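Enquirer: Model the following, please.
(2 chains)
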Amino acid sequence: MKADCREWGTVGYSLTVKGYHDIVGDGGSRILEQVTEQRARITDGLAGVRHLVAVGSGKGGVGKSTLTLHLAGALRARGLRIAILDADFNGPSQARMAGVQQALFIPGSEKVSLPRTKDGIGVFSVGSMIPESAALEFESAANGDSHTWRATKEFAFLGEILRSFEWGELDLLMFDLPPGAERTVQYADYLGPRTSFVLVTIPSEVSRGVVARSVAALSKGPNRVLGYVENMSGYYCRECNGIKPLFDAPDDSRLEIPCLGTVPFDPELARHCDQGIPFSELADTPVRRALDRVAQQLLDTLS
Amino acid sequence: MKFLCVPCDTPMKLQTVAPPDRGSLSVVYSCPACGYEMAMLTNAYETQVVQSLGVRIGPDASATTGAGKCPFPGMMPAAEKAVEGGIRWTSAAEARLTNIPEFVRPMAKTGIEKFAQERGAVEVDEKILDEAKEFFGM
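Expert: Numbers count the residues shown, from 1 in each chain, chains lettered A, B, ... in the order given. The predicted structure follows:
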């Protein structure tokens, strides 16, 4: 290596010594190798999973978690082996919605058995580990200042979950992502090109705009974007058994990706989520049929 | 990060790591050619960044920066309470418990002990673990 003092200004003299890439290893801790080994163990742990699908948006409050759970339910009803990883560590909702808040974590021979819903969907959610009255905190040597390290810690935690649980043979592992377009891309980076994305929006210009940013960001990487689901696409009225408008937005998606379907808002579905009632107990309504259609479309798109 | 002994143009080797003290790690490197030693002293931010990667620091990766430890111990007070009556674990069952990461271990231990006690068992063995798996449809 030859450092040019004119370029760097602070060296003071030219060095002719080995550079970083001339040296094999780091002299002891093997940090890069440890990270590579972590990733390899994740790959091994997910070897039996046929499809990895991340449900994201960029926008918060559009129903990513609800759709993730109920699409999983609709696919499970078709006999598929499904699991959900609630990757929204700071706002985990799958534990309550899937009815696994009091889940028991059972040690297997090497890994932890995955808690299951009544319908047999495997679910990991931080909500099964810490009460809703507590916020997720990590121990820190830095006395707070979490803006400097928190994202790194959360992804290391995600890796530990992927390595530590028995995912086994699955047709589909769904990731329920946190909001934020940049977070969506970070998950794409971390989970790798095997992971496909479904984006969720609602019929508002604001939501579509944010989701469009996620589409733009994802388009720069290798991950496949399967399409989007328009959630809260109208309001299901049980009295007249019809769908009424919920948002006064033009019927123009402006999203240049396929639409996998639309799902109306249903207060009954929200009640099911609050109480952890599984998809199998959802009455045969236009909303259930809409979820079924989206699930089928998702399956067709993956095939 | 790598360290180079400039006079020898030789990569330095990690010798010892002192566990974090008030957020600072002390990592000693030496030059295998001339024996010169130097210490890298991290500030709390640097320690935390390494800790956040979930990796171990040390020549045999034995010194930990916190990797594998329960990341949020303060939020699980209920899970850390031992089940009253002090239920025993067989060595095989305990080995299975030790194999799982620390972030779920306290909850797993408490939950299994409760499950065992509800069935009148006085110790947790592998049979109880397998029964629990089957009971919960795992």
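Enquirer: Only C-alpha atoms, please: export stretch A:59-75 in PDB.
Expert: Extracted in PDB, the C-alpha atoms of stretch A:59-75 (Å, rounded to 0.1, in the frame of the first residue of the first chain):
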ATOM      1  CA  LYS A  59     -46.600   3.000   5.200                       C
ATOM      2  CA  GLY A  60     -47.700   2.200   8.700                       C
ATOM      3  CA  GLY A  61     -51.300   1.400   9.700                       C
ATOM      4  CA  VAL A  62     -52.400  -0.100   6.400                       C
ATOM      5  CA  GLY A  63     -53.000  -3.600   7.800                       C
ATOM      6  CA  LYS A  64     -49.800  -5.500   6.900                       C
ATOM      7  CA  SER A  65     -50.100  -7.600  10.000                       C
ATOM      8  CA  THR A  66     -53.800  -8.400   9.600                       C
ATOM      9  CA  LEU A  67     -53.200  -9.300   5.900                       C
ATOM     10  CA  THR A  68     -50.200 -11.400   6.700                       C
ATOM     11  CA  LEU A  69     -52.100 -13.400   9.300                       C
ATOM     12  CA  HIS A  70     -55.200 -13.900   7.300                       C
ATOM     13  CA  LEU A  71     -53.400 -14.700   4.100                       C
ATOM     14  CA  ALA A  72     -51.500 -17.200   6.100                       C
ATOM     15  CA  GLY A  73     -54.800 -18.600   7.400                       C
ATOM     16  CA  ALA A  74     -56.300 -18.800   3.900                       C
ATOM     17  CA  LEU A  75     -53.200 -20.600   2.600                       C
END
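Enquirer: Quick one: mean pLDDT for it?
Expert: For stretch A:59-75, mean pLDDT rounds to 96.
Enquirer: got the buried residues for it?
Expert: Neighbour counts over stretch A:59-75 (16 or more other Cβ atoms under 10 Å in any protein chain shown) mark A:59, A:62-75 as buried. All C-beta spots, glycine's among them, are computed from the backbone N, C-alpha and C.
Enquirer: Where does chain B get nearest to chain A, residue-wise?
Expert: residue B:14 (2.4 Å; Cβ to the nearest Cβ).
Enquirer: So which residues make contact with stretch A:23-43?
Expert: Residues from elsewhere that reach stretch A:23-43 (Cβ atoms under 8 Å, 6 or more residues apart in numbering or on different chains): A:159, A:162-163, B:1-4, B:11-15, B:29, B:50, B:53-59, B:61.
Enquirer: Show me the strands in the chain, by range?
Expert: I'll assume chain A. A:49-56, A:82-86, A:122-124, A:170-176, A:195-201, A:225-237, A:242-244, A:259-265 (DSSP state E).
Enquirer: was after chain B, sorry
Expert: Listed in chain order, the strands of chain B (DSSP E) span B:4-5, B:10-11, B:13-21, B:24-30, B:37-41, B:88-89, B:123-124.
Enquirer: What about residue A:182, how many residues nearby?
Expert: Residue A:182: 12 surrounding residues under other Cβ atoms under 10 Å in any protein chain shown.
Enquirer: Check residue B:129 too.
Expert: If we define neighbours as other Cβ under 10 Å, then residue B:129 has 25 of them.
Enquirer: gap between it and residue A:160?
Expert: Distance, residue B:129 to residue A:160, using Cβ to Cβ, to the nearest Å: 21 Å.
Enquirer: so residue A:88 touches residue A:180, yeah?
Expert: No: under the criterion of Cβ atoms under 8 Å, residue A:88 is not in contact with residue A:180, lying 10.2 Å apart.
Enquirer: Neighbour count: those two, which is higher?
Expert: Each of residue A:88 and residue A:180 has its neighbours counted (other Cβ under 10 Å); residue A:88 has more, 24 against 17.
Enquirer: Which residue comes closest to that one once chain neighbours are left out?
Expert: Nearest residue to residue A:88, sequence neighbours excluded (Cβ to Cβ, 6 or more residues apart in numbering or on different chains): residue A:178, at 4.1 Å.
Enquirer: I'd say the one you found and residue A:90 touch.
Expert: Yes: contact criterion Cβ under 8 Å: residue A:178 and residue A:90 qualify, at 6.6 Å.
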